[in-house]
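Asks: Below is the sequence, then the predicted model.
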Amino acid sequence: MQRVTLGRTGIEVQNYCLGTMTWGTQTDEAGAHAQIDAAMAAGLDFIDTAEMYPVNPVRAETVGLTETIIGNWNAKSGNRDKWVIATKHTGRSDTVRKGRGIGPETVREALEGSLRRLRTDYVDLYQFHWPNRAHYHFRRNWHFDPTEQPPANEILDNFAATMEVLRDLVQEGKIRAFGLSNDTAWGTIRWLDAAAATGGPRVATIQNEYSLMCRHYDTDLAEVGYQEDVTLLAFSPLAAGLLTGKYSGGAVPEGSRMSINGNLGGRASARAFPAADAYVEIARANGLDPVHMALAWCAERPFPTIPIFGATTAEQLETITAGLDVSLTDEVRSALSKAHRAHAMPY
């Protein structure tokens, strides 16, 4: 593993991040605490969560449970300072705050709720989970229509007012850094503009879906990330399990994500399975675990990137952490590029 700085913040972390979105549904509290301990023993120091977690499914009665589980570990272990903790303001969600979106009137409220649940005085990285405006993420790219967004002046006024609150929260010591999630190149640049104009925290990271099978980031956003020092926190780097090979041949293991939500959030398309099989075959032909190959590819991208991985069980986490020092050969990289051309945008 390598050390990576989050944007221009000076906050250094290992180049892999522990994801937590199933803690409280598929993974109980004891199992989650064991994962934190095991990940720390493996050298990890960066953990990501959100106020809306857990998922699979998202329910009003479980909102905040994952943060509570992490907070209980913080209190029990006394090791809060061993971790760089990232969490997220959900944004507009009927499940979380009845459709009230990201804005100056909700940011402090949402953050302070997270701080209480996490049992900490500060969050290292505070992210906005979803833009208020229409966006193309989570398979919305197939019918994205930017005319559904509010006028630009309304969006930018919201950015400026919100950034002033973020500036205050940084000054109060409640957040160290700011990041986006499920956002776009235009949104990232405009948030950077708002930070420059108000003295608020610069965008340090963007947490978007990214894997061998989902590569929307590779063009405009990659340029923004490189030129503006915005670190990609790549979620679903294993394509919701497709790149592990566990769904090959039509298999649906009991307790797997597909067994719970069926289509993997729209990823399990007719074109996705042949693409996943092609990548899994490349790994096996080169003596690699498909999990290790997919994560290593993500970590080696030519723009600042940190893959976020999650594990339902201790055994899955052990498999992942065993391969965090894997690097790919030029031969493997070439084969992956050819597979990408043959299976572009499989979902």
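Replies: The structure has been received and is ready for your questions. Note that the structure is a prediction, hence the values are computed from the model and not measured.
Asks: show me where this protein has helices.
Replies: Under the criterion DSSP state H, the chain contains helices at 29-41, 65-77, 94-97, 107-118, 152-171, 185-198, 220-228, 257-261, 272-285, 290-299, 314-321, 330-342.
Asks: Just confirm residue 38 contacts residue 316, I think it does.
Replies: No. Using Cβ atoms under 8 Å, residue 38 is not in contact with residue 316; the gap is 10.8 Å. For glycine as for every other residue, the C-beta is placed from the backbone atoms N, C-alpha and C.
Asks: Any idea which helix or strand in the protein has the lowest mean pLDDT?
Replies: Using mean pLDDT, DSSP states H and E, helix 257-261 stands out as the lowest-scoring helix or strand of the chain, at a mean of 78.
Asks: Now it: buried residues?
Replies: Residues of helix 257-261 classed as buried: 257-258 (neighbour count, 16 or more other Cβ atoms under 10 Å).
Asks: distance between it and the chain's centre?
Replies: 19 Å (Cα atoms, centre = their mean, to the nearest Å).
Asks: Need the contact partners of stretch 166-179.
Replies: For stretch 166-179, contacts defined as Cβ atoms under 8 Å, 6 or more residues apart in numbering pick out 6-7, 9, 11, 86, 107-108, 111-112, 115, 121-128, 195, 198-207, 233.
Asks: Mind checking which of these are buried?
Replies: 6-7, 9, 11, 86, 107, 111, 115, 122-128, 195, 198, 200-207, 233.
Asks: Now do the same contact list for residue 62.
Replies: 24-25, 54.
Asks: okay, how far is it across stretch 97-105, tip to tip?
Replies: 12 Å (Cα to Cα, to the nearest Å).
Asks: Would you check the distance separating it from the middle of the chain?
Replies: For stretch 97-105, the distance to the chain centre is 21 Å (Cα atoms, centre = their mean).
Asks: hmm, who's touching that stretch?
Replies: The contact list for stretch 97-105 (Cβ under 8 Å, 6+ apart) reads 89-93, 106, 109-110, 128, 130-132, 158, 161-162, 164-165.
Asks: rerun that using 10 Å as the cut-off
Replies: If you take Cβ atoms under 10 Å, 6 or more residues apart in numbering as the criterion, stretch 97-105 is touched by 51-52, 60, 63, 89-94, 106, 109-110, 113, 128-133, 157-166, 168.
Asks: Throw together a ChimeraX command that grabs the buried residues out of these.
Replies: Applying 16+ other Cβ under 10 Å to the contacts of stretch 97-105, the buried members can be selected in ChimeraX as follows:
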select :51,52,63,89,90,91,92,93,106,110,113,128,129,130,131,132,133,158,159,160,162,163,164,165,166
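Asks: In strands, which of the contacts of stretch 166-179 appear?
Replies: If you go by DSSP state E, the contacts of stretch 166-179 have 86, 123-128, 203-207, 233 in strands.
Asks: CA-only coordinates of the least confident helix or strand of the chain, as CSV, when you get a sec.
Replies: Extracted in CSV, the C-alpha atoms of helix 257-261 (Å, rounded to 0.1, in the frame of the first residue of the first chain):
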residue,chain,number,x,y,z
ARG,A,257,-26.2,-8.5,-2.5
MET,A,258,-28.0,-10.0,-5.6
SER,A,259,-29.9,-12.3,-3.4
ILE,A,260,-31.2,-9.3,-1.5
ASN,A,261,-31.9,-6.7,-4.1
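Asks: contact partners of it?
Replies: Contacts of helix 257-261 (Cβ under 10 Å, 6+ apart): 22, 25-26, 55-57, 240-242, 246-247, 251-253, 264-265, 267-268, 310, 312.
Asks: Centre of the chain to the edge, which residue is at the far end?
Replies: residue 285 (29.5 Å; Cα atoms, centre = their mean).
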